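**Student:** Structure for this input, please:
(one chain, ligands or ions: 1)
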Amino acid sequence: MGIKLTWYDSDKVSFHCPGCGYQHPVRVKATAEPVWKWNQSMEEPTFWPSIMVNRDDPASRCHSFVVNGKIQFLKDSYHNLKGQTVEIPDAED
Ligand SMILES: [Zn+2]
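**Tutor:** Below is the predicted model:
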């Protein structure tokens, strides 16, 4: 199983979202608010609470739970993976 996260700035880790086609950074160090809980795993990450990208725009909103290296896309996401659970792709070198 591969590494699924990359560090982004000094306080965030990011994963590639196959629904949006770009990286979603998640703040996991308490340099500012909000801060997500993270299980410290780069291979099977879990974050809490859910991750919401573009909250105010239903046409580009991406809403998911990331649990054990899988993304559970919620039905208020805009893309065609909404309602599905997919594995996070391995991070690129
Ligand atoms: Zn996304």
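
**Student:** ranges for the helices of the protein?
**Tutor:** Assigned by DSSP state H, the chain shows no helices.

**Student:** tell me the contacts of Thr46?
**Tutor:** 38-39, 66-68 (CB atoms under 8 Å, 6 or more residues apart in numbering). In short, each C-beta sits where N, CA and C put it, glycine included.

**Student:** From the ion, how far out is it?
**Tutor:** When distance is defined by CB to the ion, to the nearest Å, Thr46 is 17 Å away from the ion.

**Student:** ok, that residue to Val53 distance?
**Tutor:** From Thr46 over to Val53 the distance is 18 Å, taken as CB to CB, to the nearest Å.

**Student:** how about the residues of the protein near the ion?
**Tutor:** Within the chain, the positions near the ion by CB under 5 Å from the ion are 17, 19-20, 62.

**Student:** hmm, try it at 6 Å
**Tutor:** 17, 19-20, 24, 53, 62 (CB under 6 Å from the ion).

**Student:** So how do I select the buried members of these in ChimeraX?
**Tutor:** The following ChimeraX line selects those of the residues of the chain next to the ion that are buried, judged by 16 or more other CB atoms under 10 Å:
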select :17,19,20,24,53,62
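
**Student:** what about Val67, neighbour count?
**Tutor:** 15 (other CB atoms under 10 Å).

**Student:** Which residues lie in contact with it in this structure?
**Tutor:** Residues near Val67 by CB under 8 Å, 6+ apart: Thr46.

**Student:** quick one: it and Asp56, what's the gap?
**Tutor:** Relative to Asp56, Val67 is positioned 25 Å away (criterion: CB to CB).
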